[in-house]
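Visitor: A structural model of the following input is requested.
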Amino acid sequence: MTAEERDPGLQPERTRLAWRRTTLSCTVAAVLAVRQTLHGGATSAGVVALSLSGTAWLAFLWVANRRVQSMGGARPQPMGAAGAVTAAACVVALAVFAAFMLF
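Guide: Just a heads-up that it's a prediction; the model follows:
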């Protein structure tokens with residue numbers, strides 16, 4: 001059986017759905033950061049944390065979109081190390097900035 005004839009089953013679809021769920025989670029975190037900044041009083045530290053959160057969110061959206069688009073073939077390529085490190089760094093950064101906004 002060649003790569004073109006391979007039946008990948010549902011694995012690529014599950015992977016796409018997982019990326020979409022994670023993107024939704026990051027979006028909720030970014031929206032909550034906006035809410036916290038607006039309702040908690042817009043301090044300069046809060047605005048800086050919000051802008052860094054927005055940057056991390058945009059970077060994660062870029063990585064996730066590239067990965068979802070690459071899952072379209074019959075035999076998708078594994079995710080590169082740079083993409084995986086970038087995605088993980090964005091998630092950790094969102095968590096750190098959220099914790100920073102609470103203080």
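Visitor: please count neighbours and contacts with C-alpha atoms only from this point.
Guide: Noted.
Visitor: find the centremost residue of the chain, please.
Guide: residue 60 (3.6 Å; Cα atoms, centre = their mean).
Visitor: can you check the pLDDT for it?
Guide: For residue 60, the model assigns a pLDDT of 93.
Visitor: hang on, isn't it packed against residue 23?
Guide: Yes. Contact criterion Cα atoms under 8 Å: residue 60 and residue 23 qualify, at 7.4 Å.
Visitor: let's verify residue 79: helix, strand, or coil?
Guide: Using DSSP: H, G, I helix; E, B strand; the rest coil, the structure places residue 79 in coil.
Visitor: return every residue with contacts to both of residue 60 and residue 23.
Guide: Common neighbours of residue 60 and residue 23, counting by Cα atoms under 8 Å, 6 or more residues apart in numbering, are absent.
Visitor: that older thread, so what's the residue nearest to the centre of the chain up against?
Guide: Counted by Cα under 8 Å, 6+ apart, residue 60 has contacts 23, 26, 86-87, 90-91.
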